[in-house]
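[1] Need coordinates for the following:
(2 chains)
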Number of protein chains: 2
Amino acid sequence: MHVNTIPGSEALARTLVASDVRVCFANPGTSEIHFVNALDRVEGIRCVLALFEGVATGAADGYYRLSGEPAATLLHLGPGLANGLANLHNARKARSGIINVVGEHATYHLALNAPLTSDIHGVARPFSDWIKVADRPERVAQDAAEAIAAARRPPGQIATLILPADAAWGPAGHPDAVVPPRAAPRRVDADAVEAAARALRAGKAALVLGGAALRGRALAAAGRIADKTGCKLLCENLNARVERGAGRVPVARIPYVVDQALRALAPFRQLVLAGAQAPVAFFAYPDKPSLLAAEGAVITPLAAAEDDLAAALEALADAVGAAATPPVTAALDLPALPSGRTTLDGVGAVIAALLPDNAVVIDEALTSGRSFGAQTIGARPHDWLNSMGGSIGFGLPLAVGAAVAAPDRKVIALEGDGSSMYTPQALWTMARENLDVTIVVFANRAYRILQGELAGVAAGPPGERARDMLSLDRPTLDFVGLARAQGVEAGRAEDLDGFARELARGIASSGPYLIELALPADAMA
Amino acid sequence: MHVNTIPGSEALARTLVASDVRVCFANPGTSEIHFVNALDRVEGIRCVLALFEGVATGAADGYYRLSGEPAATLLHLGPGLANGLANLHNARKARSGIINVVGEHATYHLALNAPLTSDIHGVARPFSDWIKVADRPERVAQDAAEAIAAARRPPGQIATLILPADAAWGPAGHPDAVVPPRAAPRRVDADAVEAAARALRAGKAALVLGGAALRGRALAAAGRIADKTGCKLLCENLNARVERGAGRVPVARIPYVVDQALRALAPFRQLVLAGAQAPVAFFAYPDKPSLLAAEGAVITPLAAAEDDLAAALEALADAVGAAATPPVTAALDLPALPSGRTTLDGVGAVIAALLPDNAVVIDEALTSGRSFGAQTIGARPHDWLNSMGGSIGFGLPLAVGAAVAAPDRKVIALEGDGSSMYTPQALWTMARENLDVTIVVFANRAYRILQGELAGVAAGPPGERARDMLSLDRPTLDFVGLARAQGVEAGRAEDLDGFARELARGIASSGPYLIELALPADAMA
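    Prediction:
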């Protein structure tokens, strides 16, 4: 190291701090040890350890969804990044901003084909919007600033900065703190607003909201538009974050099941898109359409996720004469606590009744959770978060990041038993950071969604091999034990009374609490 | 479906069976449901469910290392493949053959950007040797046969077959079973043998063995060569499978720590490579060389991993006049069972004393396990398997596949506490399949290897953020609880007597058993 210089790793840490990047979700290795050392010496970044990289990337997604600010992740070479990819896929589809810092071998070591050598750039490419190898120590600060700017580019991007070890330990000089500029979202032009207004005036219209259109000023404007024009407010089946419950403008979610989605969209001759894409089926089926809009329906894009959706919807409200129209909002309507044998309707009622003010609900309950959205329209105001990318294993990591970003809010993660087992290590981080998360695991002992799909394909009842690939009942997973083994308090519920008691207990707690709810085979009824 | 035709998914299942692919490690989703249905109807493939895709790919690696035959994996689109990549990296570095079957959206659905849409080909590329999209149902059987042939190409390759849903459900006709030819390994030419013989005769020589040279006829030939010429037998630090213990030719492992490796290689002016690459450091360090051979040492390649290593080493034995020399082998030398406070030397002695005949040892103990290799040279004959790619989280999945491939052998997985938490879901598959695996978790409550690396970099003792990223003691992980929650019996040991009792119990069991061994801070002494 030259006299009077800092190493590249410290230039990176200083740039993150100067740019207001406040959290790093980390699973480091030897090639990142100089950056670990820099994070230790430079004040201003909270380091949250994950035992598995998919927890780190999913947490960064949750952090962005709640704070609107990118977190950093710290990942160990190509395989460490690979372990984080599935949740980067989800984050990218949710348009979350993340700065991945991925360690790499020293540049001169790469050609030797040491065991951990891989094509990190190639690993990053499918799930990154921006990638750069910061291979010159004196350029690391500038490269980091570019990564931060890319992650913040509206509505948010996945930026992957690959840091070779010799750039981390090499002399960076004394670079000035580089604070990247923040880009503003695009403004929608008047023609798009006028076209959308014409479409709404044509009648039989739905306004399909996505991204930031499901929150705040944008959502209120959409509510005024709906009240004035009579258009229906819809959203895609999966959304990054929806503000809903009492006092919020209710938006109907397009169903997951294709036939139901087709029925929901059949009435509409006009679909105006604000931050959403044209509705498509989650999967293709041999005898069903992939496009869900009614045949002949006209699709009019008002604004894309990159655009200033609040400004676009307010302009549209003006254009349809709804500037002063009060939006229709949901009234507080809490169900009585149900009792007795567990049914999914009863579970939804318990959740609706007990959801605390300003809760953050993360929904990875799949088949178990399909009715919960409709049941919580009149619950206390809350946010609802889905996996936008459809890759399961996002819920528990997302809860980590959401709880770090919003420590004053209760996070409630609704999990399938299958889905919770992709990233169960998130529980340990919740315990370590004493995060205010209540987890409900709906234990139906099966990949129930796939049993349904197989029934639609197979000629008869499944044989032994298909049962083996779709059932989780041999052995039974003990989620209470899994939680306690990682330091998370937990309880079990066998009926609705027990579930209400356990959920109240979790909500009353200030740290993580897991509830295993046994779902009998007939609970769907 | 046309009359008189089978779907592409069934053509794939039939081709796998006809080609003697016997096992599928699966984590399926909706886009794979037609293949699940086909596997259910076509007899001949054992389907083993994994709760996480990294378990499936790691199991396929273990299966290949023990059987020499590729297994199939079944993975759900790009994110499912992504979750399996880290262990595909390890498998690829170990030169294991695997056939990944990755479901994909129907071809016509791809352009719609449904949530799970990703560039699967791009995801597969960094860790696959062969990739094909089987997008025509009538070609699926042929494509599958090519994938199987690619996976079997010596010494083994990662073949990834991407199966769009409409190729899975579309009409394949009635293709004849396609059985791919098996390629033989390359023969080494006489010049290479003569060059290697000259190098050994020059003196101060080491023969560096890798891949299949560490087993069977090849290893025996190496032992004769060493006895005749006086050359040293070495192997890389990480190896796919080494046959060792009593009655086997002992081979010295090049140490992981750079300074120790330099000392180990310093005496040798000649390095002859048989299935190994020239020794390189695992990581680069600012003030240490990356190439480990002594300066000026001559490196002579005899044969690469792709070659017929047994034939090459037997030819070399002939060339040096060692055809009839008896190889030096290790004598059975079992230590007495130690007692009292836990030390790593004591732990190694317990393992050496109790290791059963023909055991398969999977070594992911990292810092805890560094002395075990030397201590088990005189143990009962066994195989020793490392991660070749250095990506942690391979051990438990590898144990699943090894136990499926070799049900008559005891599999013993040595795990760090940190490393076991990357893929803990493997325990559930062990319970489900009642696999004969004993797991030892060395609980030092830290990423000890990284604490050592940080100490080498930092000016003083670590601060709070560095400690937070490298320690696992807040909260303490309860591995006994984690195992029992997934249906695996488990016990805890606090000293060497307890460890010996627990290890004997695991070895006596016919199913999975996990031992959590608490390592006191001074156990390295």
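
[2] which parts of the stretch 151-300 of chain A sit against chain B?
    Taking C-beta under 8 Å from any C-beta of the partner chain as the contact definition, the stretch 151-300 of chain A meets chain B at A:165-166, A:169, A:238, A:277, A:280-284, A:286, A:290-291. In this view, the C-beta of every residue, glycine as well, is placed from N, C-alpha and C.

[3] Tell me which two of the residues you listed sit farthest apart.
    Largest separation among those by C-beta to C-beta: A:W169 and A:P286, giving 56.6 Å.

[4] So between the two, which is more surrounded?
    Comparing A:W169 with A:P286 by other C-beta atoms under 10 Å in any protein chain shown, the one with more neighbours is A:W169, at 25 against 14.

[5] Skip the chain neighbours and tell me the closest residue to the more buried one.
    A:H34 (4.8 Å; C-beta to C-beta, 6 or more residues apart in numbering or on different chains).

[6] Buried only: go through the residues of the stretch 151-300 of chain A next to chain B for me.
    With neighbours counted using 16 or more other C-beta atoms under 10 Å in any protein chain shown, those contain these buried positions: A:165-166, A:169, A:238, A:277, A:280-284, A:290-291.

[7] Just the pLDDT for the closest residue to A:G418 other than its chain neighbours.
    Closest residue in space to A:G418, ignoring its immediate chain neighbours: A:Y447 at 4.9 Å, by C-beta to C-beta, 6+ apart. A:Y447 is assigned a pLDDT of 88 by the prediction.

[8] how about A:Y447, what does it touch?
    Shown in contact with A:Y447 (C-beta atoms under 8 Å, 6 or more residues apart in numbering or on different chains): A:418, A:470-472.

[9] hmm, try it at 7 Å
    A:Y447 makes contacts with A:418, A:470, A:472, as judged by C-beta atoms under 7 Å, 6 or more residues apart in numbering or on different chains.

[10] Who wins on neighbours among the residues you listed?
    Most neighbours among those, by other C-beta under 10 Å: A:G418, with 28 neighbours.

[11] sec struct for that residue, please.
    Put simply, A:G418 is helix when judged by DSSP: H, G, I helix; E, B strand; the rest coil.

[12] could you pull out the helices for the stretch 51-200 of chain A?
    With DSSP state H, counting those that start in this stretch as the definition, the stretch 51-200 of chain A shows helices at residue ranges A:53-67, A:77-93, A:120-124, A:140-152, A:165-169, A:190-201.

[13] elements contacting the third one?
    Put plainly, it is helix A:120-124. Packing contacts for helix A:120-124, counted by 3 or more C-beta pairs under 7 Å, 6 or more residues apart in numbering or on different chains; DSSP states H and E, involve helix A:77-93, strand A:130-133, strand A:158-164.

[14] Contacts for the last one next, please.
    Spelled out, that is strand A:158-164. With contact meaning C-beta under 7 Å, 6+ apart, strand A:158-164 is reached by A:12, A:35, A:88, A:91-92, A:98-107, A:120-121, A:124, A:127-135, A:143-144, A:147, A:150-151.

[15] In PyMOL, select just the buried ones from these.
    Per 16+ other C-beta under 10 Å, the buried members of those correspond to this PyMOL selection:
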select buried, chain A and resi 12+35+88+91+92+98+99+100+101+102+103+104+105+106+107+120+121+124+127+128+129+130+131+132+133+134+135+143+144+147+150+151
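
[16] Could you list the contact residues of the stretch 351-500 of chain A toward chain B?
    A:388-391, A:421-422, A:424-425, A:428, A:431-432, A:450, A:453-454, A:457-458, A:462-463, A:465-466, A:468-469, A:474-475, A:477-478, A:481-482, A:484-487 (C-beta under 7 Å from any C-beta of the partner chain).

[17] what does the stretch 1-150 of chain A give?
    Checking the stretch 1-150 of chain A against chain B by C-beta under 7 Å from any C-beta, the hits are A:26, A:28-31, A:33-34, A:36-37, A:39-40, A:47, A:49, A:51-52, A:78-79, A:82-83, A:85-86, A:89, A:93, A:105-106, A:108-109, A:112-116, A:118-119, A:122-123, A:125-126.

[18] Just those: which are in strands?
    Per DSSP state E, strands hold the following members of those: A:26, A:47, A:49.

[19] Provide the backbone phi and psi angles at the closest residue to the second one other than its chain neighbours.
    I take that to be A:C47. Excluding the flanking residues, the one nearest A:C47 by C-beta to C-beta, 6+ apart is B:R465, at 4.6 Å. Torsion angles at B:R465 (phi, psi; degrees, to the nearest 10) stand at phi -70, psi -40.

[20] For B:R465, give me its contacts.
    With contact set as C-beta under 7 Å, 6+ apart, B:R465 has these partners: A:39-40, A:47.

[21] Using JSON lines, please lay out the residues you listed together with pLDDT.
    Listed next are the contacts of B:R465 as JSON lines, based on pLDDT from 0 to 100:
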{"residue": "A:L39", "pLDDT": "95"}
{"residue": "A:D40", "pLDDT": "95"}
{"residue": "A:C47", "pLDDT": "96"}
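
[22] Settle this for me: A:A485 is touching B:A485, isn't it.
    Yes - between A:A485 and B:A485 there is a contact at 6.2 Å, judged by C-beta atoms under 7 Å.

[23] Would you tell me which of the helices of the stretch 51-200 of chain A gets closest to A:A504?
    helix A:53-67 (23.9 Å).

[24] For stretch A:477-485, which outside residues touch it?
    Residues contacting stretch A:477-485 (C-beta under 7 Å, 6+ apart): A:417, A:424, A:427, A:441, A:443, A:490-492, A:514, A:516, B:428, B:477-478, B:481-482, B:484-486.

[25] Select from these every entry located in strands.
    Among the contacts of stretch A:477-485, the members found in strands (DSSP E) are A:441, A:443, A:490-492, A:514, A:516.

[26] Tell me the one among these nearest to A:R501.
    Distance to A:R501 across the ones in strands among the contacts of stretch A:477-485 (C-beta to C-beta) is lowest for A:G491, with 8.2 Å.

[27] quick one: contacts for the closest one?
    A:480, A:502, A:505, A:515.

[28] Please name the residues that touch the nearest residue to A:I515 once chain neighbours are set aside.
    Leaving aside its chain neighbours, A:I515 sits nearest to A:E502 (4.3 Å; criterion: C-beta to C-beta, 6+ apart). Going by C-beta under 7 Å, 6+ apart, A:E502 touches A:491, A:493, A:515.

[29] on that earlier part again, would you write a ChimeraX line that selects the buried entries of the residues of the stretch 1-150 of chain A next to chain B?
    To isolate the buried ones among those in ChimeraX, judged by 16+ other C-beta under 10 Å, type:
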select /A:26,28,29,30,31,33,34,36,37,39,40,47,49,51,52,78,79,82,83,85,86,89,93,105,106,109,112,114,115,116,118,123,125,126
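
[30] so which helix or strand takes in A:L385?
    A:L385 belongs to strand A:382-386 when elements are defined using DSSP states H and E.
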